[in-house]
Structure formats: structure tokens, C-alpha cells
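Q: Would you be able to build a 3D model of this:
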Amino acid sequence: MSAQLQSAPETVPAFCEGIQYFADSFPEIDRLGAAPLLGPRQPALPDATSEASVYQTLLAADALRYLTLQVTGSKSSGHPGGFASSADAVAALHLLGHRNMVTEVGHHAPGFYSAMFLDTSLEAMGIHSVSEMRARFRERHGLLGHLSGAIPGLLAPAGPLGQGQHFALAGAYLYRDRLFPVTIGDGGLGEPYIMSAFQHFATAYPDVTNYLPVLVWNGYSQEHHSMVSLWSNEQMIAYWRAHGFEDIHLIDARDYAGTPDAPVYADSTTFDFGQRMAFTGAVLKAADAAATSALSGRRAALIVKQLKGAGVHATGAKSHNLYAHHTLDSDDVKGGLQRRALPVKAWELVRENFRHAGGGPAARVAVTETARELPSLDGLPLNEFAVGEHHIPTTAFGHVVGEVGKRDPHFVVTNADGNEASGMANINKALTIRHPTADELYFQGPSGQVYEPLNEDACAGLAVGVALFGGRSLWCSYESFAINGLPIWQTVTQAMAELRRPTPATVCLFTAGALEQGRNGWTHQRPEIESYFAAMMRNGNVYPLFPVDANMIQASYDWALKQHNKGVVITASKSPLPIHATMAQSFQAIDEGAMLLRETKGSHTVVFAVTGDMVLAPVFTAAEKLAEAGIGSRVVAVVNPRRLYRPTDVLWDSVSEPDGRFMGDDAFRELFHGDVLIGVTGGPSAPLEPVLLRSQARERDVFCWKRGETTANPQQLFDFNGMNAQAMHERALAMLERAAV
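A: Model (predicted):
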């Protein structure tokens, strides 16, 4: 189906400025496109089976394809092919009024931007015409190459594959009366996390079904065929059914090609008009049925099987990416644009439909465009222990977590390896593990607030998704295993730095650190994870906290609950440890970044800057050894190292909800100035970077984790890593000797 082109219409709407090609006509436009079906009092297609509804959905899909290629072609950069094969389903869902759409595929970004342009959402960032959209695509302060938290109307970021389902699940969990479609590419379907996340959520929350996975089954991934390209339709349906989906709607473009020798993956945009209408009608009908099922208590999936690149410059994996030679003047891009060109009347109709779909522009009606109201947490009961007593930090923390859950029924705690194993059985007792099997012995039942898939990605994914969508959550993990959930935690925390609204901080607690995992050996000793957060501190909104005891961990969590658009990481032990700080001192240490734990006067001063709790034991012993020789020391707990950077070290003023509080030079010198400085940490040295950068001591050194081993107790791990009290004492003496030269 092709159209005659007109090079320059006499008049075009202002929003169409920048569209290079217009069609002179389009089949049946006077009859089926005489007036838009959506309007101020009609937020969705009135009849998904009517000929006019199908026709106007077809126009919307073509408009999305055209804009996607026009915008990516303008920069010879970006990814048009994958979205192009999903355009029919995306158009259908928008016109059916479902505006809370997310994606697992960051490469679909230009198509999502096109939808936000058509519904006027991008006007909030000053984009009123196609020319302006072209100019700002893949530019700073513009339309990023992949979805982020900065674009009006778009609910969630999209970068690494295998993440989008978490946002759909979190949205469905918090907003039970809305549908949350999520497009998933078959190139990314090989990620193990996607289907396991759906399966566990379906088991834990059988009553939450208002999410709709939309599989874009186009036969190709980024640079080759997808790994499921040889599957039959029956195999694909069985695969989804095996993961808990009841109503599976599969629309295969090949069935509408009108010829028995059509390829397995067909391109509907090459069909004649009647066949195109039949295919679009099938997609629209299936999308409506799937949405109805999902909103009515049945888990549904929509699968659209269509050749990758349908309707753009190329097909298959060759359509995925544009390179420098793909310009708006190259034959392939020009040809794709000309084939998809629409008349001005069609653009006006599509624009009007998108503008009213779902009740208005997504930038106004999407659930993430406003701050979510939350129950008050004022006056949380913190249990202050006396200095000198021994208490388990994580258990004290768990008491506060239980109270948060009692006050906020949507609060969710996620943990793959079990709260009880981390000294926090009180969380399970207070909030109940969500499980279809009720058993009081294990504190589990079907209505609990503790989510425990044996998958750190699913744990982190639901927790950060809930925080991004405006709810409260907590991700708890063994330090050694958390790395599998960090990619999505990082994605969301980065997105929070760009959000246009406040949302609760995403909070996580990492317990059972390497020093407590001696018998388990190196497989359970992975404190290197702290380097991940240390690197992220410079983002401006990431705060690793290292409480020293059971008082300070409660203060840390209380502080975290009051933060917005931040990533807060609390690292603590599950062993009984001495109390070093009062509650008031704890809050002050978190706010200022550090606190003095012990000072001994002497002929010289050795400063120990310490992150962690259990590692303080050899430090205090080393300080005592130095005191026996008449040498003074100062043991300083580095509690909130983000506060210890210099303001110029961190992009703090570039984030939403900026926090520009840093320790001043005078306060820093008072704590950390000495003859020598020794940083000590039970993990990597990276969290101590701000102290090492600012210290003026001539001699500076670090004791930190090297690697794990099987040991009977923490002391043996200290010995193995060369960080026991004797080694610290000897190193301090040698440094003092060098400093005196």
C-alpha cells in the first residue's frame, strides 16, 4: 500500500513542522477518518471492533513508525527497528485508554517519545514540533537515547534488558485500578529474570493481575536472530502458560498476509489495505480482550508476531540501529519515510486521538506524574540502648521495619535469602512472609508484606519499582549475593536523580558481611559490593551508610525514610556488638558524615578512619597498643561518607531534590587531622576515598579487605587479610617514623 507524495503542502499544523514527506491521500480517509473517535468526553475507542476504530489505530501505528524513523534518521543514530514491529500494539493500547505503559527495551525509546509527542506531553519540556523533537533527540537536556526519569509522561527508565517487568508489577501492586502494559522484546526474552519475576509475583500476589506483558516477537535481537526465532506459536503460548498466564492472545502477521508462502515473520506494512485492516483489527481486538482480562482478575499476555523493522528503513536485525551512513538523504531512510508518509488530515486526526486518550496527555494522567500520598511515619519507636551494652544491629533495625509496615499497608520488604538468617526474624513475625501456604511456624501466609523470591533481581526489582512509583519499600540482602540485583537498583537510583517529582528513597540493607561468613568460605564473602556504591556516590544522590551499632542503624533507617529521590544503602552486622553512640550522637553522625568514637592523648596522633561495625574491634585494640607506648590516637567512624566529599567532587546540584550538605574544612580537620592517617574497613577501600582526598597527613595508608577464605571466626579473616590489631599497630609505628623524617 503506497501513497502519492506531495512535497510541500500549502498549510501544515505547527506541530508537523519538521515532517519531510506528506502523502497526498490515504485510502478511505474521508469515510473512516472524517473525525477523531476520541475527544474530551471520550477517552478511549468507543468500540474496539468497529471499522473506524481499526482504521484510526492503523493511522496511529503508521504515525508512530514515521516519527520514529524521522527522528532517528535526523541524527543518524538510535534504534527504530524493534519499536516499529510493536507499533500496532502500542497504538492500540494508547487508543484504548491505557496510558501507564512501560517497556523492557530501552532501544524502543524513540517510539515512546513519538507517542509522548503526539499526545503533547513533550510540550512540558519545550518540544512543540517535529523539528524541535529532531533537534533534541539524543542530546543533553533532550530526549535521551534510552528512556530515563526525565521525560514527561513516561513512567520508568529502560536501559539493561530484563528490567521493565518490575515496573509493571510495581505499578500494578500500588495502583490496582489501572492497567500497566509492558513491552518485551523477544531478543531480551532470553534474560532469565523476566519470566521468573512474573511467575513468583503471580504466586505471591494472585489477586494482582492488572499488568499486561506485550511480547514483541519479531524474530531478531540486536545483531542476529533471537534465540526463540524457531519456536512455533504453540511453543510460545505454552511457555507463557507455564509461567502463570491464563489468557494468551497471539496475533501472527503471517496469518493476514493473504498468501500461503508468506515468510514466518511477516511485515504487515507491505500488505494491501484490506489485509492491513484485518491485521490491525486483530491486534486491536486482542489488546482490548487482554486488557479486560488483566483488569478483571485473570493474568493475560499479548503477543504480536511481526517482522522486526516493519515499516521503517530495513527489516530484521539490520533495522535495529542507525549508523552514520543512515542519513535522511540516504535511499533506505528516505524510502522508509516516503512509504509511511501520511496526509496532513491523518496527522491532525492522530494527534487529536492521542491528545485525549486515557483522559489527557500522559504527562498529566500517568500515575507517576504526581507524588503519591503516604501514611505518616511520625514518631517511629526507636529503642535506645545504653552505651557499653551488646546488641544485634539488624535485630534492632527489624523492630523499626515492622512498625513501618504496620503503619503503611503497601510497604513491602524483599529478601531472597531470608530475614531470619540475618537476625531479623522480627520482620517476618511482624509483617508475615507472603506465601500461598499459611504456616505460623515460619511466619508465612497469603497476605504478608515480606516478598521472598530466591532471585535478587526480583527482590531488588519490586523494591525499587515500588519506590520509583511512589511507595515505600526495603530490599534486604546478604552482602555477598546482592550484586545480582544491583543493575536495576542503579537504574532506578539514576532515574530518581532526574525525576520531576519527589518519591521515597530506595532503601536497602546489606547484612551478614564477609567477617561473619567465615565457615561458608569465599563464596559468601563479597564485600567488594561496597565499591559499587562508592563509585555511585559521585552521582549526587547515593548514600552508603555504615552505622557502628544497634542505635545508629535505627537512626540510619529513620533518616532514610525521610529522604526523597535518593539511593540509601545501610551495611551492618548480625552479631551482638557493643553500643558506641547514643541515639542523639547517631543522628548527628549521619547528618555530619562522621563522629569521634575514642580519643587518646599522646606524643603523636594516629587517626583511624573506619567504616563498619565489627572491624572496630581490632582498631580499638591497636589504639590501646599505641597508648601503651605513649602514642595518642583518634578513632573516627566514617558513617555517611557522601557527606565527607568536597562539594565539587559530587554532582549534587544536578539532581532533583538536591542535597548540598558537606562537612566543612574546619570540622574535617578537627576529626581527621593527625600525624598519620590510617583508613580501616572490613570491605574495599573505596568508601574511604573522600577522607583520603581531603586528609593533609603526610603519611596515609589503608587496611581493607583483600579476599575471602574459609575460617572459623572473624579474627582469622582479619589475620588472613593482614588487618589485625598487631599489623595496624606496627604499620602506625612505621608511618610515624617516616613522618618524622
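Q: Next secondary structure after the lowest-mean-pLDDT helix or strand in the chain?
A: The least trusted helix or strand in the chain, going by mean pLDDT, DSSP states H and E, turns out to be strand 5-6, with a mean of 65. The C-terminal neighbour of strand 5-6 among helices and strands, as given by DSSP states H and E, is strand 22-23.
Q: Show me what counts as buried in the following helix or strand past that following strand.
A: Per DSSP H and E, strand 22-23 leads on to helix 29-32 as the next helix or strand towards the C-terminus. Neighbour counts using 16 or more other C-beta atoms under 10 Å place 29, 32 of helix 29-32 among the buried residues. (Each C-beta comes from the backbone N, C-alpha and C, glycine too.)
Q: got it, and stretch 311-320?
A: 311-317, 319-320.
Q: Which residues outside that stretch are in contact with it?
A: 62, 65, 68-69, 73, 79-82, 84, 87, 107, 219-225, 267, 269, 307-309, 322, 326, 332-333, 335-336, 339-340 (C-beta atoms under 8 Å, 6 or more residues apart in numbering).
Q: same deal with stretch 330-347?
A: Applying C-beta under 8 Å, 6+ apart, the set of residues contacting stretch 330-347 is 2-3, 5, 9, 11-13, 15-16, 19-26, 29, 33, 59, 62-63, 65-66, 69-70, 73, 269, 311-314, 322, 326-328, 350.
Q: 7 Å instead?
A: Outside stretch 330-347, the residues within contact range by C-beta atoms under 7 Å, 6 or more residues apart in numbering are 2-3, 5, 9, 12-13, 16, 20-26, 29, 33, 59, 62-63, 65-66, 69-70, 73, 311-314, 326-328.
Q: Spell out the residue ranges of the strands in the stretch 251-400 of the chain.
A: Assigned by DSSP state E, counting those that start in this stretch, the strands in the stretch 251-400 of the chain fall at 300-305, 390-391.
Q: So for residue 167, which of those strands sits nearest?
A: In terms of C-beta to C-beta, the element of the strands of the stretch 251-400 of the chain nearest to residue 167 is strand 300-305, at 16.5 Å.
Q: for that closest one, packing partners?
A: On a contact count with 3 or more C-beta pairs under 7 Å, 6 or more residues apart in numbering; DSSP states H and E, strand 300-305 meets helix 87-95, strand 211-217, strand 247-252, helix 273-294.
Q: Tell me which of the ones you listed is the most buried.
A: Counting by mean count of other C-beta atoms under 10 Å, helix 87-95 has the highest mean neighbour count of these, with a mean of 30.
Q: just the angle between that one and helix 273-294, please?
A: 50 degrees (axes from the mean of the first three to the mean of the last three C-alpha atoms, to 10 degrees).
Q: CA-only coordinates of helix 87-95, as PDB, when you get a sec.
A: Extracted in PDB, the C-alpha atoms of helix 87-95 (Å, rounded to 0.1, in the frame of the first residue of the first chain):
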ATOM      1  CA  ALA A  87       3.700   0.000  16.800                       C
ATOM      2  CA  ASP A  88       0.400  -1.600  16.200                       C
ATOM      3  CA  ALA A  89       0.100  -3.000  19.700                       C
ATOM      4  CA  VAL A  90       1.300   0.300  21.300                       C
ATOM      5  CA  ALA A  91      -1.100   2.400  19.200                       C
ATOM      6  CA  ALA A  92      -4.000   0.000  20.200                       C
ATOM      7  CA  LEU A  93      -3.300   0.200  23.900                       C
ATOM      8  CA  HIS A  94      -3.000   4.000  23.900                       C
ATOM      9  CA  LEU A  95      -6.200   4.500  22.000                       C
END
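Q: and after it, which helix or strand comes next?
A: Next element after helix 87-95 (DSSP H and E): strand 102-103.
Q: Strand partners (parallel or antiparallel) of that following strand?
A: Strand 102-103 pairs in its sheet with strand 180-185 (parallel), by DSSP bridges.
Q: Over to the nearest residue to residue 437 once chain neighbours are set aside: give its phi and psi.
A: Of all residues not flanking residue 437 in the chain, residue 444 sits nearest, at 6.6 Å (C-beta to C-beta, 6 or more residues apart in numbering). The phi/psi pair for residue 444 (degrees, to the nearest 10) reads phi -130, psi 150.
Q: List the contacts of residue 444.
A: By C-beta under 7 Å, 6+ apart, residue 444 lies in contact with 432-433, 435, 437-438.
Q: So what sits opposite it in the bridge?
A: Here residue 444, judged by DSSP bridges, has bridge partners residue 433, residue 439.
Q: re earlier: which of the contacts of stretch 311-320 fall in helices?
A: In helices, defined here by DSSP state H, the members of the contacts of stretch 311-320 are 62, 65, 68-69, 73, 81-82, 84, 87, 332-333, 335-336, 339-340.
Q: Grab the two from those that are most spread out in space.
A: By the measure C-beta to C-beta, 82 and 335 form the most distant pair in the ones in helices among the contacts of stretch 311-320, at 19.5 Å.
Q: how close does the residue nearest to residue 437 sit to residue 433?
A: Per C-beta to C-beta, to the nearest Å, residue 444 is found 4 Å from residue 433.
Q: ditto for residue 523
A: Applying C-beta to C-beta to residue 523 and residue 433 gives a distance of 25 Å.
Q: Show me how to select, in ChimeraX, the buried members of the contacts of stretch 330-347.
A: Those of those that count as buried under 16+ other C-beta under 10 Å are selected in ChimeraX with:
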select :3,12,16,20,21,22,23,26,29,33,59,62,63,65,66,69,70,73,311,312,313,314,326,328
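Q: among the helices and strands packed on strand 300-305, which is nearest residue 379?
A: Closest of the helices and strands packed on strand 300-305 to residue 379 is strand 211-217, at 35.6 Å (criterion: C-beta to C-beta).
Q: outside of that closest one, which residues touch it?
A: By C-beta under 7 Å, 6+ apart, strand 211-217 touches 82, 85-86, 89, 165, 168-169, 172, 179-186, 198, 236, 290-291, 294, 300-305.
Q: now that strand: how far from the chain's centre is it?
A: From the chain centre to the centre of strand 211-217 is a distance of 19 Å (C-alpha atoms, centre = their mean, to the nearest Å).
Q: Adjacent strands (with direction) for that strand?
A: strand 180-185 (parallel), strand 300-305 (parallel).
Q: Any buried residues in stretch 177-189, and which?
A: Neighbour counts over stretch 177-189 (16+ other C-beta under 10 Å) mark 178-189 as buried.
Q: Quick check: the farthest pair among these?
A: Across these, no pair lies farther apart than 178 and 187, at 27.9 Å, counting by C-beta to C-beta.
Q: Nearest to residue 506, out of the buried residues of stretch 311-320: which one, please.
A: residue 320 (31.5 Å).
Q: how far away is that closest one from residue 313?
A: 11 Å.
Q: ditto for residue 526
A: With C-beta to C-beta as the criterion, residue 526 and residue 313 are 46 Å apart.
Q: what does residue 108 give?
A: According to C-beta to C-beta, residue 108 stands 16 Å off from residue 313.
Q: Kindly report the same for residue 498.
A: Relative to residue 313, and taking C-beta to C-beta, residue 498 is found at 31 Å.
Q: All set now, cheers.
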